[in-house]
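K.L.:
take a look and give me a structure for this.
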Amino acid sequence: MMDAAAEMKRPLLSVKNLSVSYGAIQALKGASLDVYPGEIVAVIGANGAGKSTMMNAIMGDVKRGGGEISLDGNPLPARSFQVVSAGISLSPEGRKVFAPLTVMENLEIGAFPLKDKGEIDEQTQRVFNLFPRLEERRNQYAGTLSGGEQQMLAIGRALMARPRVLLLDEPSLGLAPIVITEIFKELAAINKTMGMTILLVEQNARKALLLSNRAYVLQTGVIISGGNSRDMLNDPEIIAAYLGGGAG
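P.N.:
Predicted structure coming up:
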């Protein structure tokens, strides 16, 4: 049996040489990254770098042209519902809540891999403990929620499947600064209180680096660098290119 130290050395989620094309356009060109148990790992990059394509490829929402993706050493299935059942959930870019359904109905959809009602009730309460406003609005239609509340619901829906890895695609998109701060505080709590391993793609590079343990830089479909997030916050090239320090 593998001991705890050796277990920590093996990535929980591993992406190796991932390629994705949309017709003649190659969106990912052999991208690789590792996420270890309990980590928050960020992927930063400009618009069009391929960040969302990477998330959708992991989830099986776009066809993988090449490469390997594994969860805990096992190949990840190619279809999205199988990926969720295997242990990875996505809170998608733009939230994509089911507007005509209530908060509770959205959460119940997220729980589809769980078969035991007691387990579903327990996970629902965990989500409500993280996001009390969702409990207050449990019978409200999702389309009537504020942007921040819809983001909470998208994250909560992803958590309902009890994933081993939570993927977050642009959680700050379209939100006011005060709401972004609240959402990122909750993400830190999810990581700390639930021990949730998180892979985050985010255009707000400063917020992403402050939240994460490690980070990768994705540029035109290629991972060009990676390292400790605090070190990257002080890297002149990262500052110039992604943190508002000048042209880059």
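K.L.:
can you read off the pLDDT for residue 246?
P.N.:
Looking at residue 246, its pLDDT stands at 42.
K.L.:
show me what the longest helix anywhere in the chain is packed up against.
P.N.:
In the chain, assigned by DSSP state H, the helix with the most residues is helix 177-194. The helices and strands touching helix 177-194, judged by 3 or more Cβ pairs under 8 Å, 6 or more residues apart in numbering; DSSP states H and E, are strand 40-44, helix 117-130, helix 147-159, strand 197-201, helix 205-211. In this view, the C-beta of every residue, glycine as well, is placed from N, C-alpha and C.
K.L.:
can you give me the helices in the chain?
P.N.:
Under the criterion DSSP H, the chain contains helices at 4-9, 51-59, 80-86, 103-110, 117-130, 132-136, 147-159, 177-194, 205-211, 229-233, 236-242.
K.L.:
reformat the ones you listed as a markdown table; add mean pLDDT.
P.N.:
Formatted as a markdown table, these follow (pLDDT from 0 to 100):
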| stretch | mean pLDDT |
| --- | --- |
| helix 4-9 | 52 |
| helix 51-59 | 96 |
| helix 80-86 | 94 |
| helix 103-110 | 96 |
| helix 117-130 | 94 |
| helix 132-136 | 96 |
| helix 147-159 | 96 |
| helix 177-194 | 94 |
| helix 205-211 | 96 |
| helix 229-233 | 96 |
| helix 236-242 | 93 |
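K.L.:
right, and those - which one's nearest residue 222?
P.N.:
Smallest distance to residue 222 across these (Cβ to Cβ): 11.2 Å, for helix 51-59.
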